[in-house]
Every structure is written in C-alpha cells, then in structure tokens.
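> can't give you the sequence, but here's the structure:
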C-alpha cells in the first residue's frame, strides 16, 4: 500500500514540510517499512524506530487515535459499503465534510491532554474524554 498508493499519491501534492506519524504496530515498524518511510520523510518520520521516537501506546497523546479515526470510521461504515469504490467514496465524503471548527477543537483538546500529561508526570489519563 505504501509503495503502490501512498507514496505515488504524495507525489501529487506539496509535502515538503509534511511529517508522518507511524504507530508502533509490529508490521508497521518492519525494517523494510521503516527504511522506505525514512527514504520518503527523512527526519520528519515519527515512529517507534524512526528518527523521531513516538512514545509507545500513546493514544492519550494522539488525536487521530483518541478521536478522529473512530469518528471517521463510524461515518464511513454507517451505510455498510459493499464495494471498494463505495468505501472510497464514503471516505472522501466524510473527510471532506470535517469542518475546521472540529479540527480546532481537537487541537485545543490535544493541548489540554499534553498539559495533563506533563502535570501527571506521563501517567495515563483515564478520566479525560474528548470534549466537543
């Protein structure tokens, strides 16, 4: 997927300042995968084995994990797409419908999560939920 879709798609956009964050799943951090991502992103790769080390199991810190992917997935699969084209159409529609205000709220919430993490000396945050 990275070689056949992701990187060719990146070549269609101006991504000189883009950072890529990879989670710590074992198959995501295979040597071949990391080498390919390092070649593509250089020091802008955030990964367990990348130049910028991302804390393991950091869902408390990652807005994509603690909110956005679940939100997108719930809408993408709401009508149970039966074909790849239908799935792609749903993904495009849902992503296009995300409003800047929602992203601003996610960023605000991320900042408060980081403040909490600093104050709690990097402990988990079981009582914090996403606030819309």
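That came in fine, so what should we check first? Nothing here was measured: the structure is a model prediction, and the numbers come from that model.
> Now residue 49: phi and psi?
Here is the backbone geometry of residue 49 (degrees, to the nearest 10): phi -120, psi 20.
> Surely it is in contact with residue 34?
Yes. Residue 49 is within contact range of residue 34, at 4.8 Å (criterion: C-beta atoms under 8 Å). C-beta here means a position set from N, CA and C on the backbone, and glycine is covered the same way.
> Residue 28: what's it in contact with?
Residues counted as contacts of residue 28 (C-beta atoms under 8 Å, 6 or more residues apart in numbering) are 22, 47.
> ok but it is inside a helix, no?
Yes. Counting by DSSP: H, G, I helix; E, B strand; the rest coil, residue 28 is found in a helix.
> residue ranges with poor pLDDT in the protein?
23-27, 54-66, 117, 120-132 (pLDDT under 70).
> for it, what spans make up the helices?
7-10, 31-41, 63, 69-76, 84-96, 100-119 (DSSP state H).
> mind checking how far the fourth one is from the chain centre?
Pointing back at helix 69-76 there. 13 Å (C-alpha atoms, centre = their mean, to the nearest Å).
> Over to the longest one?
Mean C-alpha position of helix 100-119 versus that of the full chain (C-alpha atoms, centre = their mean) differs by 15 Å.
> Run the angle between it and helix 69-76 for me.
150 degrees (axes from the mean of the first three to the mean of the last three C-alpha atoms, to 10 degrees).
> picking up where we left off before, make TSV out of the helices of the chain and add distance to residue 53 and mean neighbour count.
Below are the helices of the chain laid out as TSV (distance: least, C-beta to C-beta, whole Å; neighbours: other C-beta atoms under 10 Å):
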stretch	distance to residue 53	mean neighbour count
helix 7-10	23	12
helix 31-41	12	15
helix 63	19	17
helix 69-76	22	14
helix 84-96	28	12
helix 100-119	16	13
